[in-house]
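Asker: I need the structure of the sequence given here:
(one chain, ligands or ions: 2)
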Amino acid sequence: MTAIVEARGAAAIAPQAGAVKLTMLLAGAVILLMMIFGLTMRAAQGGLIELDPTLFYQIMTAHGAGMVGAAGLTGATILWYFTGRYVELLAGVYWAFLGLFLLGVVLILGATFIGGYAGAWTFLFPLPAISGGLWTPGAAIVFLLGYVSIGVGFLLLHLEVGRKLIAAYGGIGGALAWPVAFGNGRPEDAAPPAVVAAMASTIFNTLGIVVGAAVLVASIVNLAFPAFTVDALLAKNMIFFFGHVFINASIYMAVIAVYEIVPEYTGKPWKTTRMFAIAWTVVLLFVLAVYPHHLMQDWAMPGWAVVMGQVVSYFSAIPLIAVTAFSLLVYLRGAKSMRWDLASALLVLGVAGWTAGSVPAVLDGMIVVNKVMHNTQWVPGHFHTYLLLGEVAMAFGFMAWLGRRGDDSLSGLPGASFWTYAAGGTGFVAMFLISGAMSIPRRWAVHLPQWHLQAQIASAFAALIILAAAAFVLRYVVRLGKS
Ligand code: HEM
Ligand SMILES: [Cu+2]
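Answerer: Ligands and ions are numbered 1, 2, ... in the order given. A predicted model of the protein is given here:
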């Protein structure tokens, strides 16, 4: 207990604010660039521009890896920044994390645009080795080594966060607020929401990355020595366990910004309640157990695993909404007032977008729906909802908060850019979902003429998103420059 109090005493300082601000600047720039890549793809699908399919798949690979990477980077940075309010973290670990991340980005971009690797961010075995002559095994190895570098950085960061939280809160159970969830601990003594979220996401992201590292190494050995083969079904299970957990972790880490920042706008502290603590433990288990919803097309999968994927998908939405939308609504109801500016608006949008995105996600997690929708644009439709309007909105909200001024409001340019982002994002994901419902396939470089209109409308919405995102990043740069 004294450890916690002491640790909280150190909380007044802004932990590694410089490194965090720099990271968010880099991430903002990467997100903007990847959005332009996204618009390029959508415009090509709409027949608005001519794009060589070879280049389309390089761009798709870079966009997928780059966006998932940026989501992970911003999520982990938010986790680091706010965990640093409760326990003292080693600054060197963060710099190692950032350095390894940037090294990974260089390797991935080099492998994609110089080496020509275009096997998608999911590096599904044995695709990296079957390029049809478009790229060499060496290029694929460099791409995968980029992932390994980023993965090692994440492991370092999570180990540092995990060991400090475990020491300060009396073990994993304490940091997950189990005494309140399952015992008769008093809520006043419970770990704060940020700590519960940081501990849970540290556990599942570590497990995901360890499994990811194993399949990465196996794939690299396969590329170097083709005689060494991997069981394709096992590899797919490992890849989707890793991919599912990693992208989910990015959002579950980013929500820490909501728990820590929104109280500044209401004046009411956000406390860990019993329901909140239970929900986070259930989230921890469900995030790990639900990944077979990515393998519903694989008839070789044991039936029970796929059924588990569907059943857990159904129930996942409950703890998810409990820790996000429901908690936020209960919290805001209890608060007397809420002050709106770009930061608070984006953070609330992030929670709303995340929650909304879970609906088409759960639908796709049903075997009968998945049979029809799986390789359609329904899939990018659901994940762009909770990433573009969820994780990335929260990341932009965190950036706006880092550059905040006391008298910020939502009028003028901040309000205009916020509503442009929300409207552009909603329209953009709606076009993916509508296209998916019309059975338009995903990951097709060239679209039939009767699909062009959908992609053209989506391109217009994408341009709005990019305009708004550019305004967010510019405002951030200007404010950092002035501070
Ligand atoms: C202006 C914003 C964006 C635009 C215009 C855009 C556009 C696209 C397009 C056209 C595709 C390919 C769709 C297809 O399969 O036919 C795609 C795929 C994808 N996008 Fe985005 N996107 C945007 C934002 C984001 C964000 C914010 C994220 C994540 C943080 C993201 C992550 C992904 C991923 C993971 C894929 C899958 C790549 C694959 O299939 O291998 N995108 N995006
Ligand atoms: Cu999943």
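Asker: what's the local residue count around V215?
Answerer: When neighbours are counted by other CB atoms under 10 Å, V215 registers 22. C-betas here are computed from N, CA, C, even on glycine.
Asker: er, T54 actually
Answerer: What T54 shows, counting by other CB under 10 Å, is a neighbour count of 13.
Asker: also V210?
Answerer: Using other CB under 10 Å, the number of residues around V210 comes to 12.
Asker: which residues touch it?
Answerer: Neighbour list for V210: L155 [criterion: CB atoms under 8 Å, 6 or more residues apart in numbering].
Asker: give me the pLDDT for it.
Answerer: Looking at V210, its pLDDT reads 98.
Asker: so it is in which element?
Answerer: helix 193-224 (DSSP states H and E).
Asker: which parts of that helix are buried?
Answerer: By 16 or more other CB atoms under 10 Å, the buried positions in helix 193-224 come out as 193-209, 211-213, 215-216, 218-220, 222-223.
Asker: now stretch 337-345
Answerer: Going by neighbour count (16+ other CB under 10 Å), the buried part of stretch 337-345 is W340, D341, L342, A343, S344, A345.
Asker: and that stretch, end to end?
Answerer: For stretch 337-345, the first-to-last residue distance is 14 Å (CA to CA, to the nearest Å).
Asker: averaged pLDDT, that stretch. What do you get?
Answerer: For stretch 337-345, the mean pLDDT works out to 94.
Asker: with adjacent residues omitted, what lies nearest to the residue of the stretch 101-250 of the chain found nearest ligand 1?
Answerer: At 3.8 Å from ligand 1, A120 is the closest residue in the stretch 101-250 of the chain, using CB to the nearest ligand atom. Leaving aside its chain neighbours, A120 sits nearest to T61 (5.4 Å; criterion: CB to CB, 6 or more residues apart in numbering).
Asker: same deal with S316?
Answerer: F286 is the one closest to S316 (CB to CB, 6+ apart), at 4.7 Å.
Asker: so what's the one you found up against?
Answerer: Contacts of F286 by CB under 8 Å, 6+ apart are V312, F315, S316, P319.
Asker: find me the pLDDT at the residue nearest to A120, would you?
Answerer: If you check T61, the pLDDT there is 98.
Asker: one more: I261?
Answerer: On the pLDDT scale, I261 gets 96.
Asker: how about T83?
Answerer: 97.
Asker: Y331 too?
Answerer: Reading off the model, Y331 has pLDDT 87.
Asker: and it, what is it in contact with?
Answerer: Y331 neighbours (CB under 8 Å, 6+ apart): V262, T266, K268, W270.
Asker: list the buried residues for the helix or strand encompassing it?
Answerer: Element membership for Y331, per DSSP H and E: helix 327-334. Neighbour-count burial for helix 327-334, counted by 16+ other CB under 10 Å, picks out S327, L328, Y331.
Asker: relative to V20, which of those is nearest.
Answerer: Nearest to V20, judged by CB to CB, of the buried residues of helix 327-334 is L328 at 23.5 Å.
Asker: any idea how far stretch 213-233 is from the middle of the chain?
Answerer: Centroid separation between stretch 213-233 and its chain, computed with CA atoms, centre = their mean, to the nearest Å, is 26 Å.
Asker: hmm, I was thinking of stretch 436-451
Answerer: With CA atoms, centre = their mean as the basis, stretch 436-451 stands 26 Å off its chain's centre.
Asker: what about it and ligand 1, touching?
Answerer: Yes. Under the criterion of CB under 6 Å from any ligand atom, ligand 1 is reached by stretch 436-451 at R442, R443, W444.
Asker: among those, which ones are buried?
Answerer: For these, a neighbour count by 16+ other CB under 10 Å gives the buried set as R442.
Asker: in JSON lines: the residues of stretch 436-451 next to ligand 1, plus distance to A27.
Answerer: Formatted as JSON lines, those follow (distance: CB to CB, whole Å):
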{"residue": "R442", "distance to A27": "26"}
{"residue": "R443", "distance to A27": "25"}
{"residue": "W444", "distance to A27": "29"}
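Asker: can I get the residues of stretch 436-451 next to ligand 1 in TSV with pLDDT?
Answerer: Formatted as TSV, the residues of stretch 436-451 next to ligand 1 follow (pLDDT from 0 to 100):
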residue	pLDDT
R442	97
R443	98
W444	98
